[in-house]
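*Asks:* sharing a model prediction with you, sequence too.
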Amino acid sequence: MKEKGTFEMIYDVVMEIPKGYVASYGQIAELAGNRRWARVVGYALHANPKPGVIPCHRVVTKDGKVSRAFAFGGENRQVELLKEEGVVFCEDRVDMKKCQWSKRRF
DNA sequence: GCCGTGACTTACG
DNA sequence: GCGTAAGCCACGG
């Protein structure tokens, strides 16, 4: 059964993030199959071969903060966009308590 | 085929 | 509680 490429698995997980929710790199990596892919996830999203299809803006650090290197038009722009999605923000951070897609703890 | 880099995470001091 | 260090995998040159 098709072993999808590592990136593909990561993209698949990212695309599964429901609107109004966000996920952390480590979480995605874990859902993708290996939690050590945290860095690969960052790399995969950086590659972002399918902009508009992969909601990379829904991917944040485990602090609920958007990574500094996002800057694909403005880091703050990222936050604003997520707010429009319905994500609850606390200053410049995502309210992981409510909007982390996760099931990671709790 | 090896080395370096990277949008991270976790652990230890 | 904060800062520093190490670990991990994949891609590009």
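*Replies:* Thanks, I have it.
*Asks:* sketch out the strands for chain A, chain order is fine.
*Replies:* A:23-24, A:59-60, A:89-90, A:93-94 (DSSP state E).
*Asks:* export those strands to CSV and tack on mean neighbour count?
*Replies:* Just so you know, the C-beta spots here come from the backbone N, C-alpha and C atoms, and that holds for glycine as well. CSV is the format used below for the strands of chain A (neighbours: other CB atoms under 10 Å):
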stretch, mean neighbour count
strand A:23-24, 26
strand A:59-60, 26
strand A:89-90, 14
strand A:93-94, 20
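*Asks:* any chance of the ones you listed in a markdown table, plus mean pLDDT and distance to residue A:37?
*Replies:* A markdown table is the format used below for the strands of chain A (pLDDT from 0 to 100; distance: least, CB to CB, whole Å):
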| stretch | mean pLDDT | distance to residue A:37 |
| --- | --- | --- |
| strand A:23-24 | 94 | 12 |
| strand A:59-60 | 93 | 13 |
| strand A:89-90 | 88 | 26 |
| strand A:93-94 | 90 | 21 |
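*Asks:* let me know which of these is the nearest to residue A:35.
*Replies:* Closest approach to residue A:35 among the strands of chain A is made by strand A:23-24 (10.6 Å; CB to CB).
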